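**Q** this one's sequence-less:
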């Protein structure tokens, strides 16, 4: 709570994470919510409080603040509590409403998690979370869901949840959104050499030499949860040449590829169909060099 001039005026009651401190030495404590406002004022970066936990600058002198809600302690920052000079009484507070020199500023911190009535709040279990993603790709795996002691969390000395109740469930899963990739002109995408045992760095090429169905074993790809395309039978990752997804660079099959360059963008296209094996997993995708899954 902060107020100025007289008790419960020109300030308010604020809520912030318990890890925040008046002794922080940077302006990063911005997850602050105004719960109750005293009098009519508004946040302002230059003439009032900022939406920030007050922080401490031990080097403040002259026109600087020692404890302030401003992003900078220099050049007469408003929303300050402790001043480094003697020209403010006691500090530059809210100039927009005539409270630049309020005479006195109080600041208080309640470091517990109780409400005003000080009653204990017992913890209760949440509803089931969504299922986690399957822990394996194109293999039999497991997925889980959880309940947490967060509805509400125990506060103010309240009891924790009854952990004898099951808070985790597990079930088998299979996630394998596979498909061939067809480019414009009905060309299929396949490794340039090696089939299902391509060397690391083999290029992907467009071909019609084996028809246009794009359903040969070495033409099947898997699109995973992160947007990465895997060559199913070799388990290699589709990766841009030189790890640089620039137009004109070729696509390669690599044992490893950084996620920052191996993700492919999902977008709707007007042509093409999706193979039956992936119909319930895919919509339509366009990928680098105009490929689309079929």
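**A** Perfect, I can see it now. Nothing here was measured: the structure is a model prediction, and the numbers come from that model. Residues are numbered from 1 along each chain as shown.
**Q** low-scoring pLDDT stretches of the stretch 1-150 of the chain, where are they?
**A** Judged against pLDDT under 70, the low-scoring parts of the stretch 1-150 of the chain cover residues 60-63.
**Q** how about the strands in it?
**A** Counting by DSSP state E, counting those that start in this stretch, one finds strands in the stretch 1-150 of the chain at the ranges 2-4, 11-15, 33-38, 55-56, 65-68, 80-83, 105-107, 140-146.
**Q** Within its sheet, name the partner strands of the fourth one and how each one runs.
**A** This means strand 55-56. On the basis of DSSP bridges, the sheet neighbours of strand 55-56 come out as strand 65-68 (antiparallel).
**Q** how about the strands of the stretch 1-150 of the chain, which one is nearest residue 221?
**A** With distances scored as Cβ to Cβ, the stretch of these nearest to residue 221 is strand 140-146 (19.2 Å). C-beta: built from backbone N, CA, C; applies to glycine.
**Q** what residues does that closest one touch?
**A** Residues outside strand 140-146 that contact it (Cβ atoms under 8 Å, 6 or more residues apart in numbering): 128-136, 167-175.
**Q** buried subset of these?
**A** In the contacts of strand 140-146, burial by neighbour count holds for 134, 167, 173, 175, counting by 16 or more other Cβ atoms under 10 Å.
**Q** ok, the third one touching residue 132?
**A** To tie it back to what came earlier, the one meant is residue 173. No: between residue 173 and residue 132 there is no contact, the gap being 9.2 Å when judged by Cβ atoms under 8 Å.
**Q** if we can go back for a sec, from the buried ones among the contacts of strand 140-146, which single one is nearest residue 29?
**A** The shortest gap between residue 29 and any of the buried ones among the contacts of strand 140-146 belongs to residue 167, at 32.7 Å (Cβ to Cβ).
**Q** In this structure the closest one contacts residue 148, no?
**A** Yes: between residue 167 and residue 148 there is a contact at 7.2 Å, judged by Cβ under 8 Å.
**Q** overlap in contacts of the two?
**A** Any residue near both residue 167 and residue 148 by Cβ under 8 Å, 6+ apart counts here, and that gives residue 125.
**Q** In JSON lines: the buried ones among the contacts of strand 140-146, plus distance to residue 103 and secondary structure.
**A** Conversion of these to JSON lines gives the following (distance: Cβ to Cβ, whole Å; DSSP: H, G, I helix; E, B strand; the rest coil):
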{"residue": "134", "distance to residue 103": "64", "secondary structure": "coil"}
{"residue": "167", "distance to residue 103": "54", "secondary structure": "coil"}
{"residue": "173", "distance to residue 103": "66", "secondary structure": "strand"}
{"residue": "175", "distance to residue 103": "66", "secondary structure": "coil"}
